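Colleague: need coordinates for the following:
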Amino acid sequence: MHTKHPTGKTIIVVDGMGGGIGIQLVGKLREAFTQNVEIIALGTNSVAVERMIKAGAHRGASGENAIRHSVRLGDLIMGPIGIIIGNSMMGEITCSMAEAILAAPGERILLPLQNEHMTLAGLDGLPLAKMIERAVELARERI
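Modeller: Numbers count the residues shown, from 1 in each chain. Prediction:
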């Protein structure tokens, strides 16, 4: 059974495909939060989760049911904006996953990554590293 972290806050990092964005988020979060924060890696596949755990997540799980069930444990939910868009990430994010992430009680801090099928008007093209730094700053403000 999944439970909230007993001594502090829980940050959920959701990613898919190879977990590259999640790996970077987890690494920066581990630098920013040395204690009293649990980082849970949720991935659309086991490769993404395994790589996020190697980057420093405390635990993780993969697949639709794991994401739908565990995302509600997070005080913060972090990842690329595609995690709230059904059928994004080349179809890895199901509509059910996106709905669960949107319905979870935790605050979402999302990276505004654009792809060939979506343009976010009004955003300057910040490099991914800068977006991740800003996301971690926001997480520190919230926790």
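
Colleague: for the rest of this, base every contact and every neighbour count on C-alpha atoms.
Modeller: OK.

Colleague: looking at it, residue 61 is touching residue 49, isn't it?
Modeller: Yes: counting by CA atoms under 8 Å, residue 61 does reach residue 49; the two are 6.4 Å apart.

Colleague: of the two, who's got more company?
Modeller: residue 49 (30 against 21; other CA atoms under 10 Å).

Colleague: so what's that one up against?
Modeller: Residues near residue 49 by CA atoms under 8 Å, 6 or more residues apart in numbering: 19, 41-43, 60-62.

Colleague: look up how far residue 137 lies from residue 49.
Modeller: From residue 49 across to residue 137, the span is 23 Å (CA to CA, to the nearest Å).

Colleague: for residue 128, same thing?
Modeller: To residue 137, residue 128 is 14 Å away according to CA to CA.

Colleague: what's the worst-scoring helix or strand of the chain on mean pLDDT in contact with?
Modeller: None of the helices or strands of the chain scores lower by mean pLDDT, DSSP states H and E than helix 128-142, at a mean of 94. Contact with helix 128-142 is made by 24-25, 28-29, 32, 76, 109-112, as judged by CA under 8 Å, 6+ apart.

Colleague: dump the C-alpha coordinates for it into PDB.
Modeller: What follows is helix 128-142, C-alpha atoms only, in PDB (Å, rounded to 0.1, in the frame of the first residue of the first chain):
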ATOM      1  CA  LEU A 128      15.500  22.800 -20.900                       C
ATOM      2  CA  ALA A 129      18.200  23.300 -18.200                       C
ATOM      3  CA  LYS A 130      16.800  26.700 -17.400                       C
ATOM      4  CA  MET A 131      13.200  25.400 -17.300                       C
ATOM      5  CA  ILE A 132      14.300  22.700 -14.900                       C
ATOM      6  CA  GLU A 133      16.100  25.100 -12.700                       C
ATOM      7  CA  ARG A 134      13.000  27.300 -12.500                       C
ATOM      8  CA  ALA A 135      10.800  24.300 -11.800                       C
ATOM      9  CA  VAL A 136      13.000  23.300  -8.900                       C
ATOM     10  CA  GLU A 137      13.000  26.900  -7.600                       C
ATOM     11  CA  LEU A 138       9.200  26.800  -7.600                       C
ATOM     12  CA  ALA A 139       9.200  23.500  -5.800                       C
ATOM     13  CA  ARG A 140      11.500  24.900  -3.100                       C
ATOM     14  CA  GLU A 141       9.100  27.900  -2.700                       C
ATOM     15  CA  ARG A 142       6.200  25.500  -2.200                       C
END
